[in-house]
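Engineer: output the structure for:
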Amino acid sequence: KNKVPHGIVMFTRLFELDPALLSLFSYKTECSVAPDCLSSPEFLEHVTKVMVVIDAAVSHLDDLHSLEDFLMNLGKKHQAVGVKTHSFTVVGEALLHMLQCSLGASYTTALRQAWLNMYGVVVSAMTRGWAVNG
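Structural biologist: The predicted model follows:
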């Protein structure tokens, strides 16, 4: 429900883990430092899109493969803008951080593993799309 605030937590952690990723975001607002990027309307739109993709994956847990074409296309788009596949791992770490911050004591080992499983399927499809473009 709170896509942008959760996304801000996730991307703040992402930029802490890998500050070089800031260079992938070029908007009207200078994104050379995380606070400027995180407050940019264009970047906040991107945050919302990322959170919508996560929501779609959760909504399709019973059939994640139905998102295959969409996720492969997303992988192609990420390859085209210079994202490297190793960055998907860092994004996963940032996602887990956001979940842990958001859920507190409800963030269990089993829940973490379920999210890792889902994210693994997403990354696998995106990586196939990335490779097609690469």
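Engineer: can you give me the helices for this structure?
Structural biologist: Assigned by DSSP state H, the chain shows helices spanning 3-17, 34-38, 41-59, 68-80, 86-103, 109-133.
Engineer: dump those helices into CSV; add distance to Ser23, mean neighbour count and mean pLDDT as well.
Structural biologist: In short, each C-beta sits where N, CA and C put it, glycine included. Shown next, in CSV, are those (distance: least, Cβ to Cβ, whole Å; neighbours: other Cβ atoms under 10 Å; pLDDT from 0 to 100):
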stretch, distance to Ser23, mean neighbour count, mean pLDDT
helix 3-17, 11, 19, 94
helix 34-38, 10, 17, 80
helix 41-59, 13, 15, 90
helix 68-80, 14, 17, 92
helix 86-103, 12, 17, 96
helix 109-133, 18, 15, 92
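Engineer: so can I have TSV of the ones you listed showing distance to Leu24?
Structural biologist: Shown next, in TSV, are the helices of the chain (distance: least, Cβ to Cβ, whole Å):
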stretch	distance to Leu24
helix 3-17	11
helix 34-38	10
helix 41-59	10
helix 68-80	9
helix 86-103	8
helix 109-133	14
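Engineer: need the CA coordinates for stretch 62-81. CSV is fine.
Structural biologist: C-alpha atoms of stretch 62-81 as CSV (Å, rounded to 0.1, in the frame of the first residue of the first chain):
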residue,chain,number,x,y,z
ASP,A,62,1.0,-19.3,-7.9
ASP,A,63,2.1,-18.7,-11.5
LEU,A,64,5.2,-16.5,-11.7
HIS,A,65,6.0,-17.9,-15.1
SER,A,66,3.0,-16.0,-16.4
LEU,A,67,5.1,-12.9,-16.0
GLU,A,68,8.0,-14.4,-18.0
ASP,A,69,7.7,-12.2,-21.1
PHE,A,70,7.2,-9.1,-19.0
LEU,A,71,10.2,-9.9,-16.8
MET,A,72,12.4,-10.8,-19.8
ASN,A,73,11.5,-7.5,-21.4
LEU,A,74,12.4,-5.8,-18.2
GLY,A,75,15.8,-7.5,-18.2
LYS,A,76,16.4,-6.2,-21.8
LYS,A,77,15.5,-2.7,-20.7
HIS,A,78,17.9,-2.9,-17.8
GLN,A,79,20.7,-4.2,-20.0
ALA,A,80,20.1,-1.4,-22.5
VAL,A,81,20.7,1.3,-19.8
